[in-house]
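1. What follows is a predicted structure for the sequence shown.
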Amino acid sequence: MAELSPALETARLILRGRPAELDAAEVALGFALPREACRSAGVSGRHALWLGPDEWLLLAPAAVADALTAMLEAATAQAPHALVDVSQRQIGLTLSGSDVEETLAAGCPLDLDLKAFPVGMCTRTVLAKAEIVLWRTDEATFHIEVWRSFSAYVRGILEVAGATVS
Amino acid sequence: MSTRYRSASGGRIDRGRPVRFTFDGRPYIGCAGDTLASALIANGVWLTGRSFKYHRPRGVLSAGSDEPNALVAVRRDEARCTPNLRATQVELYDGLAAVSQNRYPSLAFDLGVANNLMARFIPAGFYYKTFMWPAKAWDRLYEPAIRRAAGLGDAPTAADPDHYANRFAHCEVLVIGAGPAGLAAAMAAAKGGERVILVDEQVEVGGSLLDEPADGGTTIDEISARDWISQSLARLAAYPRVTVITRATAFGYFAHNMIGVIERLTDHLAAPPAGAPRERLWQIRARDVVLATGAIERPLVFPDNDRPGVVLAGAARTYLNRYGALPGKRVVVATGCDSAYAAALDLHHAGVKIAAIADVRRVPAGPLIEAARRAGLPIRFGCMITGTTGRLRVTGARFLVITEDGRAGLGETVACDAVLMSGGYTPSVHLFSQSRGKLAWDPDLQTYLPGVSAENERSAGACAGRFDLAGVLRDGEAAGSASIGVEPSRTFSVHAMAANPRGVLGALTHDRGPRAKAFVDWQNDVTTNDLKLAVREGFQSIEHVKRYTTTGMATDQGKTSNLNALAVVASALGRPIPQVGLTTFRMPYTPVTFGVLAGLARGDLFEPVRTTPIHGWAVAHGAVFEDVGQWKRARYFPRGGEDMDAAVRRECLAVRAAAGIFDATTLGKIEVVGPDAAEFMNRMYINAWTKLGVGQCRYGVLCRDDGFVMDDGVVGRIAADRFHVTTTTGGAARVLSMMEDYLQTEWPDLDVWLTSTTEQWAVIAVQGPKAREILAGLVDGVDLSREALPHMSLTHGVVAGVPARLFRVSFTGELGFEINVPADRGAQVWEAVWAAGQAHGLTAYGTETMHVLRAEKGFIIVGQETDGTATPDDVGLGWAIGKTKRDFVGKRSLARPAMSDPARKQLVGLATVDPARILEEGAQIVAEPGGTTPLTVIGHVTSAYFSANWDRSIALAMVSGGRARMGETLYSPSSTGDVPVQVVSPVFYDQAGEGVHG
Amino acid sequence: MLLIACPYCGPRPELEFSHGGEAHIARPEAPADVGADDWGAYLYLRANARGLHAERWRHTHGCARFFNALRDTTTDKFLATYECGQPRPHLGEPS
């Protein structure tokens, strides 16, 4: 049965803007923002998840939150953009195990096969009646981001799903 | 009990494992591998139910999901009692308790059978023709009686204790049906290395091949049919991306190749493991679908063809070869096709006496007929079966030979204990039709076949009108190969007895007079006479005939009856069948439990229950909650046995006398950021934003482009390019979507972006004259003075050690603050404020008190005072409109003359003449008392409360021309008479508005 | 459940989308200059087509973008999906 565990405390920023004008942000981040739909990029604990053509979810260790925000704001001062702290808006969960695809498939209508949802893919989607961000971090592990008031529901769904998977 | 009708050997049952079960309380013994139907037949039990309308005794007709008669309820306990199960699909397990349905008091002696004697008085359309008057009798007499008599089976009375699983699945090729065509298709598709799912409704794969005798002559690739099934399964198992699911019924074909499948997981187990899901709903999205759904045997339509012991010939062969159950010891075979001869031959070899084969065809020929002749079976050609004898079980069959010149010969009755019948096979095109594929009439086979596909779908085998085994296998190979874009390559060497696929349709000729009941639809008790009557009464379309006679309705959806009904109606109309039309094949293919459709959505997981970071505190302090959308909000905090009125009264007084603390976390929040943020706000909201300074707040009103109020909330300017927008709790998602809509589609040039921050912040409202004193000791680096932080302003600071956005706002009319802190610190800050407030009489209040306090101030709640047809001016918010703005969403509509009609409903206050009388929200307002209906209504009450602060009832209302009616007395009609009210200002409390500036 | 090809994310299940009404109903540049009838038509008049229909969808639980689609309302077949701002493609229609 796939194992569900809370993710580490994380800083979360939503970065929005026109892709062509965000080169400065990439310098501050230290890596290129993923421009391909539903893909993630990152180095050393910092990640950018493509959520939409003008929207990225930036994840970083909680300790560097303020420094990262300051660096990004300084770097992008001349570029129209929006940077909003959503660290507390949502929580992270990690679902891991050999039957992780089947467990998620109890509530998620996406094709989760490795060919259709490869490692590194990320997207907003639904799990039963809740919206989640689903991010495959390795073959048998998904990172889930969910708005905090939906987290109990999402945990509940995943627990029942895990128990009824086989 | 002896199982007198069990064959000596053979079948796929486990004769070494007896299984005890009961039917209507009587104990029987079957074998592992039996269905309830096969076990009953092996025990010689044919009477399994009473028919729906006439309560005629009925027995098993078929051997599969097409069964219209043998519907039973299987009962495990009070909550686990499933009605309307087909005995032909119920797998036997030790201790199975099944009961028949639709009989009272017992199956053999049923009072409802009176309906049969009354048959001539309850013709087709009976319900439409009777019970017309008197109208009053409907409620008391007709409806209760009809409801008692109607329906099949009883629903369990206790809540369903079982679990149900759900699975979204995806595959390249989905094959539905695992008979020879489906197995061949799956093996072909598997070669592509992609995902193949093969589903079958039966316990094991094989389909019609399972009906072949173990030592029969049919071979595929030089091995027996059964060995070929095993070999095929082994081949499929070697492909890691092939999934075979049995006990899985594809019940619906939905748009874009989405197939609904129900997998039955535990119903066949004597002791299901605790907690194991009972069924699983598969929602399978397939790139390509192969339908290999087979064909359904057609009954012959002749008088008394519904007597227990009259069974489909193919089903009888299934019972013999698959289950080792004999349909009788001396049987008559009535047929219009070749395939029934196979049943006759197999039974003959099993030692059953074939009393006669009555073939309605005059000169049939073929290897099966030849084999029957060689075996010495008594065959009569051109011979109609015209009736059966017996009461609860058939004892004889009547024949009528039609001579070559069409004259009827003499009738004759042959004794027997079972009648096997077959009119041929009807391709099962249900799923194809559900996929919106176009059916085509095949004049040769006299049936509808899949024509033009609407989806990436292929039909293969019997469901496509292919009945010879070699052709069926070729068809499957071709469909499976085409699904993966390759040419078929596999060939099959088949030895099987060829059978002419043609059969007969419609009613057989008989000499039994006009009253004889020849059934077309067993489940709905529809006879040829009913169909002919419908035509005589003017029904021409088969869709209308179906509704009038109910043919093809109910749980079997006419699987065995549709084509015969069509033929009878066509004959009565004197038209060819294709001109009569075809009824819709509706889902589900077989009945589906509500539980599996509900799936995980039950109990605590029925809907997401959203709670705030302060929820735990509220629970610990005895809050009573209310649902606001998916949120749980504390409604009031009763103390020492208070009811809601008492608690709200206390909370209301406390807020105005000292201070209250309120959880406002659920308010929607949107961060609007970018160089064009102010321009965007100007375009969206009716207010003007350009001059709003950083650190200031404004009450914003949002209209739709039709000019009606959609949402409202306080907006704070955090920076020149950043607004903190709040919305109503229920409007959060709607407002964000509307803003994104305008931004993405109308003004994509604006440099501004939106981010929901609803859940980023916990919001703690501290309201009341003592609010500042309470917070004074908690803030760090924040000047709370009225000069530094006036009403409608905001600042950043530290509250109780936590960085906060501190708003000076009020929804109560009192000095108020709203502390926004990161959600995970919400509980901590709330506790700190609560502790600091104890010395100042701080009282926790809930949404009910919030509602009363804002109503005392005449503040509207969108969705309560507004109903989607109120303009800002209607609800007294005309002042908020930025008059000099060139445009905003809704501005053009507000310029329409009708939007400023003085007779529009306007927000007013109502003071009841009796101060204790609280109006009902939603109640109408009239100008004159004592009116008679229809009343001239001039308005309605939108909010009504008892105001503890004013010590009287207060109400808000929308009244036509209300603002010009100040001081008028109006009336609110109620069940106790007209309640007089006086029109007053909607602001009941602190009309000068000084409280907020304290 | 429909399978809808989001122009940004590719084919995705209908559960992730919200329908947004008829497409190519542009809000007038200067509403104040629009006469009552034209404004009424902008607000309320819709084609309700039987057959090919240009409509808006939002990939709400995905990339959150609005986009347009050409769907046959009698068969539920999508002939095209395209980004907002692009002209309606002419497919499957007599030209």
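-> Structure's in. What do you need?

2. give me the number of residues near the residue in chain C that chain B sits nearest to?
-> Of all residues in chain C, residue C:31 sits closest to chain B, at 3.6 Å by CB to the nearest CB. Where C-beta positions appear, they are placed from N, C-alpha and C, glycine not excepted. For residue C:31, the tally of surrounding residues (other CB atoms under 10 Å in any protein chain shown) stands at 20.

3. Chain neighbours aside, what residue packs nearest to it?
-> The shortest distance from residue C:31 to any non-neighbouring residue, by CB to CB, 6 or more residues apart in numbering or on different chains, is to residue B:892 (3.6 Å).

4. helix/strand/coil for that neighbour?
-> Three-state call for residue B:892 (DSSP: H, G, I helix; E, B strand; the rest coil): helix.

5. if I pick it, what's in contact with it?
-> B:705, B:707, C:28, C:31, C:32, C:34, C:39 (CB atoms under 8 Å, 6 or more residues apart in numbering or on different chains).

6. for the stretch 701-850 of chain B, what spans make up the helices?
-> Assigned by DSSP state H, counting those that start in this stretch, the helices in the stretch 701-850 of chain B fall at B:732-741, B:771-776, B:826-837, B:847-856.

7. Ramachandran angles for the residue of the stretch 301-450 of chain B found nearest chain C?
-> The minimum distance from the stretch 301-450 of chain B to chain C, using CB to the nearest CB, falls at residue B:436 (6.6 Å). Phi and psi for residue B:436, reported as degrees, to the nearest 10, are phi 70, psi 20.

8. swap in residue B:189?
-> Main-chain dihedrals, residue B:189, degrees, to the nearest 10: phi -70, psi -30.

9. tell me the contacts of the residue of chain C closest to chain B?
-> B:887, B:891, B:892, C:39 are the contacts of residue C:31 under CB under 8 Å, 6+ apart.

10. Kindly report the same for residue B:521.
-> By CB under 8 Å, 6+ apart, the contact set of residue B:521 is B:68, B:550, B:551, B:552, B:558, B:560, B:561, B:565.

11. Turn those into a markdown table, including neighbour count and pLDDT.
-> Formatted as a markdown table, the contacts of residue B:521 follow (neighbours: other CB atoms under 10 Å in any protein chain shown; pLDDT from 0 to 100):
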| residue | neighbour count | pLDDT |
| --- | --- | --- |
| B:68 | 27 | 93 |
| B:550 | 21 | 89 |
| B:551 | 30 | 90 |
| B:552 | 29 | 89 |
| B:558 | 28 | 89 |
| B:560 | 26 | 94 |
| B:561 | 28 | 94 |
| B:565 | 27 | 95 |
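
12. Between which two of these is the distance greatest?
-> The span of the contacts of residue B:521, defined through CB to CB, is set by B:550 and B:560 at 14.7 Å.

13. returning to that earlier point: okay, and which of the contacts of residue B:892 map to helices?
-> Of these, the ones assigned to helices by DSSP state H are residue C:39.

14. Tell me the buried residues within the contacts of residue B:892.
-> Among the contacts of residue B:892, those classed as buried by 16 or more other CB atoms under 10 Å in any protein chain shown are B:705, B:707, C:31, C:34, C:39.

15. Nearest to residue B:402 among those residues?
-> For the buried ones among the contacts of residue B:892, the nearest to residue B:402 is residue B:705 (76.2 Å; CB to CB).

16. Tell me where chain C has strands.
-> Per DSSP state E, chain C carries strands over the ranges C:3-6, C:10-13, C:18-22, C:52-58, C:66-72, C:78-83.

17. Can you tell me which helices and strands the second one packs against?
-> It stands for strand C:10-13. strand C:3-6 (3 or more CB pairs under 8 Å, 6 or more residues apart in numbering or on different chains; DSSP states H and E).

18. Is the strand it packs on positioned near chain B?
-> Yes. On the criterion CB under 8 Å from any CB of the partner chain, strand C:3-6 is in touch with chain B at residue C:3.

19. next one: that strand to chain centre, how far?
-> 13 Å (CA atoms, centre = their mean, to the nearest Å).

20. Assess the claim that residue B:400 and residue B:511 are in contact.
-> Yes. If you go by CB atoms under 8 Å, residue B:400 and residue B:511 touch, sitting 5.6 Å apart.

21. Between those two, which contacts overlap?
-> Here residue B:400 and residue B:511 have B:386, B:408, B:411 as joint contacts, going by CB under 8 Å, 6+ apart.

22. Lowest-confidence entry in those?
-> Across the shared contacts of residue B:400 and residue B:511, the member with the lowest pLDDT is residue B:408, scoring 74.

23. Please work out how many residues are found near that residue.
-> Neighbour count of residue B:408, defined by other CB under 10 Å: 14.

24. Beta-bridge partners for it, please?
-> According to DSSP bridges, the residues that bridge with residue B:408 are residue B:402.

25. and residue B:652, what does it touch?
-> B:845, B:849, B:852, B:853, B:947, B:948, B:949.

26. any idea how far the nearest residue to residue B:746 once chain neighbours are set aside is from residue B:738?
-> Closest residue to residue B:746 in three dimensions, ignoring its sequence neighbours and counting by CB to CB, 6+ apart: residue C:27, at 4.9 Å. Separation of residue C:27 from residue B:738 (CB to CB, to the nearest Å) stands at 13 Å.

27. Of residue B:400 and residue B:511, give the one with the bigger neighbour count.
-> Set residue B:400 next to residue B:511 and count neighbours by other CB under 10 Å: residue B:400 wins out with 22 against 16.

28. could you give the mean pLDDT of the helix or strand containing the more buried one?
-> Per DSSP states H and E, residue B:400 falls inside strand B:394-402. Mean pLDDT, strand B:394-402: 93.

29. Identify each buried residue in it, please.
-> Per 16+ other CB under 10 Å, strand B:394-402 contains these buried residues: B:394, B:396, B:397, B:398, B:399, B:400, B:401, B:402.

30. any low-confidence regions in the stretch 801-950 of chain B?
-> Along the stretch 801-950 of chain B, the model assigns pLDDT under 70 to no residue.

31. Could you list the residues of it in contact with chain A?
-> With CB under 8 Å from any CB as the criterion, the stretch 801-950 of chain B comes near chain A at residues B:822, B:823, B:824.

32. and the residue positioned nearest the centre of chain C, bridged to which residues?
-> Nearest to the mean C-alpha position of chain C, by CA atoms, centre = their mean, lies residue C:55 at 2.0 Å. As for beta bridges, residue C:55 partners with residue C:22, residue C:69 under DSSP bridges.

33. Which helix runs longest in chain A?
-> Max-length helix for chain A by DSSP H is helix A:151-163.

34. Residues of the stretch 101-250 of chain B that sit close to chain C?
-> Residues of the stretch 101-250 of chain B found near chain C (CB under 8 Å from any CB) are residue B:168.

35. Look up the closest residue to the residue of the stretch 401-550 of chain B found nearest chain A, ignoring the ones flanking it.
-> Relative to chain A, the nearest point of the stretch 401-550 of chain B is residue B:484 (15.2 Å; CB to the nearest CB). Using CB to CB, 6+ apart and skipping the chain neighbours, the partner closest in space to residue B:484 is residue B:192 (3.5 Å).

36. Would you map the strands across chain A?
-> With strands called from DSSP E, chain A shows them at A:3-6, A:10-17, A:40-43, A:46-52, A:55-61, A:81-85, A:90-96, A:122-127, A:130-138, A:141-147.

37. closest to chain C out of those strands?
-> Of the strands of chain A, nearest to chain C by CB to the nearest CB is strand A:46-52, at 3.8 Å.

38. That closest one - contacts with which helices or strands?
-> strand A:40-43, strand A:55-61, strand A:122-127, strand A:130-138.

39. Please name the strands paired to the third one in the sheet, noting orientation.
-> Strands flanking strand A:122-127 in the sheet, each with its direction: strand A:130-138 (antiparallel) (DSSP bridges).
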